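> the following comprises the amino acid sequence and a computationally predicted model.
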Protein chains: 2
Amino acid sequence: MTRPRRRADAELNRARIVAAARSLVQQPDELRLNEVAKAAGVGQGTLYRHFASREELLVEVYRDDVHELVEAASVLLAHHDPLSALAAWFRRVTEYARIKRGVFAAVTTSVRTDLADHSIGSIGEAITSLLDAGKAEGVIRGDADARDVILLIGALTRLDDDEWDTRADRLLRIVLDGLRANE
Amino acid sequence: MTRPRRRADAELNRARIVAAARSLVQQPDELRLNEVAKAAGVGQGTLYRHFASREELLVEVYRDDVHELVEAASVLLAHHDPLSALAAWFRRVTEYARIKRGVFAAVTTSVRTDLADHSIGSIGEAITSLLDAGKAEGVIRGDADARDVILLIGALTRLDDDEWDTRADRLLRIVLDGLRANE
DNA sequence: ACCTGAACACCGTTCAAGT
DNA sequence: ACCTGAACACCGTTCAAGT
């Protein structure tokens, strides 16, 4: 868990890049990496030295948000029954997806990276804990796993801006119902 | 419904472009438009004259496949109960999505274009007819519409190649269960 | 009316030179 | 060990010239 040592200037550049990216992702256009480098005041090569891919950068940009989602899962489970916790967590994810669309991409990327590492990762664990609580009470189908949830919730990513109000909640309810054990 | 008149050479070029694209989309790489033009033996400008956007081209490339899916809906409804028909149609879409991943993008684009035209379009009608049959019998939730289905089924698009066998069926079952009226 | 293909635009990515 | 930024690569898109 100890950070790899970096030269102070490298550390600073890295932080500048992430800060610039965090500000630029707010805009509706696709994030341009050269623009990030320019806004951060570093050369393009420096960006690539710190982040081997666009996705690595995005994971870093949304690290705190993803962490909050992970924390939320256990808090919700402590205070609600499994189905309500899952529903509330879904709503939480949706809010993020609505405001910061990139969060979802970061979540998906994280999960994918984690799986490639043969580890489930923190987001995967969060979703798994929600599902497991429901399975233990027999209210969630036994065969569903975290990646099923990620893939289905991903439908929200493709919502048009003007559809959220009418459609997002219903989509989540459909997914939630589909995940319930057929009593 | 009558075709707009085109010069014979234009018609031929158009057909060549679609044929070249149909062959090139088979490959795993992204479809490069310049490559399509080259393979079709026409200038790039000719491609743009016939298809204003990449999506327009893709809709044309998959026109027959989309039409087959539309036809399948009424055939299935004639021979099965609504839920089985919907399940069978889902499986059909999945097979297409697995073999020709682009079909799904074409379906989505068609639906989106149709909606922008304030018309539901043939694919939208096909899905609506499947849903309506189920609603009439009280086995499908009354608030679900064709676009919900498109968005949810779209989860399959993001499956990795090696996941299909283990995950595709389950995802479809989850969506199908979610679409059922809670008895 | 339609076609051609050189040229332009836009970005991601690399790498030689520098500190 | 790290940074810079010119240069390259890759594609989509346009448009002047041609039939």
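Cool, got the structure.

> quick one: the closest residue to DNA strand C within chain A from A:L31, how far?
Here the residue of chain A nearest DNA strand C is A:G45; by C-beta to the nearest atom of the strand that distance is 2.7 Å. From N, CA and C alone the C-beta is placed, and that goes for glycine too. Between A:G45 and A:L31 the distance is 18 Å, computed by C-beta to C-beta, to the nearest Å.

> what sits against the spatially most central residue of chain A?
What sits nearest the mean C-alpha location of chain A, by C-alpha atoms, centre = their mean, is A:V107, with 2.5 Å. Neighbour list for A:V107: A:62, A:66, A:69, A:93, A:123, A:150 [criterion: C-beta atoms under 8 Å, 6 or more residues apart in numbering or on different chains].

> rerun that using 6 Å as the cut-off
Applying C-beta atoms under 6 Å, 6 or more residues apart in numbering or on different chains to A:V107 gives the contacts A:66, A:123.

> now swap in the one 4 residues further on and tell me
When contacts are counted by C-beta under 6 Å, 6+ apart, A:V111 touches A:123-124, A:150.

> cutoff 8 Å now
By C-beta under 8 Å, 6+ apart, the residues touching A:V111 are A:121, A:123-124, A:146-147, A:150.

> do A:A73 as well
For A:A73, the contact set (C-beta under 8 Å, 6+ apart) comprises A:85, A:89, A:126-127, A:129-130.

> dump those into JSON lines; add secondary structure, neighbour count and pLDDT as well.
JSON lines is the format used below for these (DSSP: H, G, I helix; E, B strand; the rest coil; neighbours: other C-beta atoms under 10 Å in any protein chain shown; pLDDT from 0 to 100):
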{"residue": "A:A85", "secondary structure": "helix", "neighbour count": "22", "pLDDT": "98"}
{"residue": "A:W89", "secondary structure": "helix", "neighbour count": "22", "pLDDT": "96"}
{"residue": "A:A126", "secondary structure": "helix", "neighbour count": "24", "pLDDT": "94"}
{"residue": "A:I127", "secondary structure": "helix", "neighbour count": "27", "pLDDT": "94"}
{"residue": "A:S129", "secondary structure": "helix", "neighbour count": "18", "pLDDT": "96"}
{"residue": "A:L130", "secondary structure": "helix", "neighbour count": "27", "pLDDT": "97"}
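
> looking at this, A:Q27 is in a strand?
No - looking at A:Q27 with DSSP: H, G, I helix; E, B strand; the rest coil, it is coil, so not inside a strand.

> next one, pLDDT for it please.
pLDDT recorded at A:Q27 is 87.

> ok, which residues in chain A are in contact with DNA strand D?
A:6-7, A:9-10, A:13-14, A:41-46, A:49-50 (C-beta under 7 Å from any atom of the strand).

> between those, which is closest to B:H80?
The shortest approach to B:H80 among those belongs to A:H50, at 56.3 Å (C-beta to C-beta).

> so the closest one sits against A:A15, correct?
No - with contact defined as C-beta atoms under 8 Å, A:H50 does not reach A:A15; the gap is 9.8 Å.

> more neighbours: which of the two?
Neighbours per residue (other C-beta atoms under 10 Å in any protein chain shown) separate A:H50 from A:A15, with A:H50 holding more: 20 against 12.

> who's in contact with the more buried one?
Contact analysis of A:H50 by C-beta under 8 Å, 6+ apart lists A:10, A:13-14, A:17.

> have a look at A:G45 and A:L31 and say which one is more surrounded.
Between A:G45 and A:L31, counted using other C-beta under 10 Å, A:L31 has the larger neighbour count: 16 against 9.

> quick one: secondary structure of that one?
Here A:L31 takes the coil state, with states given by three-state DSSP.

> can you tell me how far it sits from chain B?
Between A:L31 and chain B the computed distance is 19 Å (C-beta to the nearest C-beta, to the nearest Å).

> who in chain A is up against DNA strand C?
A:30-35, A:43-45, A:48, A:53-54.

> tell me the buried residues in stretch A:166-173?
A:167-168, A:171-173 (16 or more other C-beta atoms under 10 Å in any protein chain shown).

> ignore the last one, stretch A:17-33
A:17-18, A:20-22, A:24-25, A:31, A:33.

> now do the end-to-end distance for that stretch.
One end of stretch A:17-33 to the other measures 10 Å (C-alpha to C-alpha, to the nearest Å).

> lowest confidence element among the helices and strands of chain A?
Here the helix or strand of chain A ranked lowest by mean pLDDT, DSSP states H and E is helix A:101-116, holding a mean of 74.

> output that one as PDB, restricted to C-alpha atoms.
C-alpha atoms of helix A:101-116 as PDB (Å, rounded to 0.1, in the frame of the first residue of the first chain):
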ATOM      1  CA  ARG A 101     -21.300  10.400 -16.600                       C
ATOM      2  CA  GLY A 102     -17.700   9.400 -16.600                       C
ATOM      3  CA  VAL A 103     -18.000   7.800 -13.100                       C
ATOM      4  CA  PHE A 104     -19.700   4.900 -14.600                       C
ATOM      5  CA  ALA A 105     -17.000   4.400 -17.200                       C
ATOM      6  CA  ALA A 106     -14.500   4.500 -14.400                       C
ATOM      7  CA  VAL A 107     -16.400   1.900 -12.400                       C
ATOM      8  CA  THR A 108     -16.600  -0.300 -15.400                       C
ATOM      9  CA  THR A 109     -13.000   0.100 -16.100                       C
ATOM     10  CA  SER A 110     -12.000  -0.600 -12.500                       C
ATOM     11  CA  VAL A 111     -14.100  -3.800 -12.500                       C
ATOM     12  CA  ARG A 112     -12.500  -4.900 -15.700                       C
ATOM     13  CA  THR A 113      -9.000  -4.200 -14.500                       C
ATOM     14  CA  ASP A 114      -9.700  -6.000 -11.300                       C
ATOM     15  CA  LEU A 115     -11.000  -9.000 -13.100                       C
ATOM     16  CA  ALA A 116      -8.000  -9.100 -15.400                       C
END
